[in-house]
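In: take this sequence and fold it.
(one chain, ligands or ions: 1)
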Amino acid sequence: MEFEAYVIRQIINESEDVRTFKLSAHDGRVPKYQPGHFFLLRLKGEDGKPVQRPYSAASHPSESLLSFCIKLKGTFTHLLWQKKEGDDVEVSGPYGTFLLSPSDAERVFIGGGVGISALRSHIIQTIKEGKPAFLFHSAKKPEGLIYAQEMRQLAQENENFRFFPSLTGEAVPPDWSGLRGRIGVAILKEKLGTLLGKTFYLCGSKEMAGELSEALMAAGVPKERIKKDEWG
Ligand SMILES: Cc1cc2nc3c(=O)[nH]c(=O)nc-3n(C[C@H](O)[C@H](O)[C@H](O)COP(=O)(O)OP(=O)(O)OC[C@H]3O[C@@H](n4cnc5c(N)ncnc54)[C@H](O)[C@@H]3O)c2cc1C
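Out: A predicted model of the protein is given here:
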């Protein structure tokens, strides 16, 4: 497994505990990859030993920087939070199979919290292909709906793309006009009309992606039309 030192060109605070890190190689290159690929990021731990974790690319391959949308959690992310713009992080990849099928007619993307990362790249690609795309993004609080402003803008500019944000927590702004609660088959049927002819891309915790794929299959969606990126 080969790693190369990349430079952190930009860090964006998306919320209290989520940041976007934008990287490129020392000579400004970004690697060749497809929407849905992930990379391994590696840093030196406090004991000097390397620590690595997988992260989905949030950027589209046409963008000039390789981006990752990352939530602060444990060992690796605490090391990463100490890094500043201009510092190095080692990168290996791309890897993975959470890729778009060219034969899809319509794509439905469903993500929880920071699970939006791989879906952002998929959505930009689907819009470029001119295919219908639907995004259901849920988070506890409004600030957990990472990239919501960009998604609203994309939905305004592209009639083929529809964005359905959902809040699952107690704190809902009084003027909230989006969905409430976790995304399930009932909401999907209500908003999509039919589940037939669509391919579903689920990204988030094992629990969320597992439950939803079972429910979709029980509702008649063929297994091969459901793709999952589960993060444990
Ligand atoms: C293909 C793939 C793509 C991914 N893409 C992304 C992405 O785009 N963005 C993203 O944010 N994440 C992504 N992840 C998850 C990511 O790889 C890491 O798992 C995540 O960032 C946590 O790493 P960490 O080292 O900070 O936490 P870890 O130290 O690995 O801890 C993970 C969890 O365990 C808990 N924990 C740790 N130690 C203990 C302990 N001793 N007792 C109890 N609990 C403990 C932590 O609180 C934390 O909740 C992806 C995972 C996969 C497999």
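In: give me the domain ranges for this protein.
Out: 4-95, 106-230 (automatic domain parsing).
In: looking at the ones you listed, which is buried most?
Out: domain 106-230 (a mean of 18; mean count of other CB atoms under 10 Å). The C-beta positions use only the backbone N, C-alpha and C, and glycine is treated the same way.
In: pull up the distance across that one, start to finish.
Out: 22 Å (CA to CA, to the nearest Å).
In: how much space between A139 and E214?
Out: As judged by CB to CB, to the nearest Å, A139 and E214 stand 22 Å apart.
In: cool, and D104?
Out: D104 is 21 Å from E214, by CB to CB.
In: tell me which parts of this structure are close to the ligand?
Out: By CB under 6 Å from any ligand atom, the part of the chain that sits against the ligand consists of 38, 53-56, 68-71, 73-77, 96, 114, 117, 229, 231.
In: which of these fall within strands?
Out: Among these, DSSP state E puts 38, 53-56, 68-71, 229 in strands.
In: could those residues go into TSV alongside pLDDT?
Out: Formatted as TSV, these follow (pLDDT from 0 to 100):
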residue	pLDDT
F38	97
R53	98
P54	97
Y55	97
S56	97
F68	98
C69	97
I70	97
K71	96
D229	93
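In: now V185, what are its backbone angles?
Out: phi -60, psi -40 (degrees, to the nearest 10).
In: who's in contact with it?
Out: Neighbouring residues of V185 by CB atoms under 8 Å, 6 or more residues apart in numbering: 195, 215-216, 218-219.
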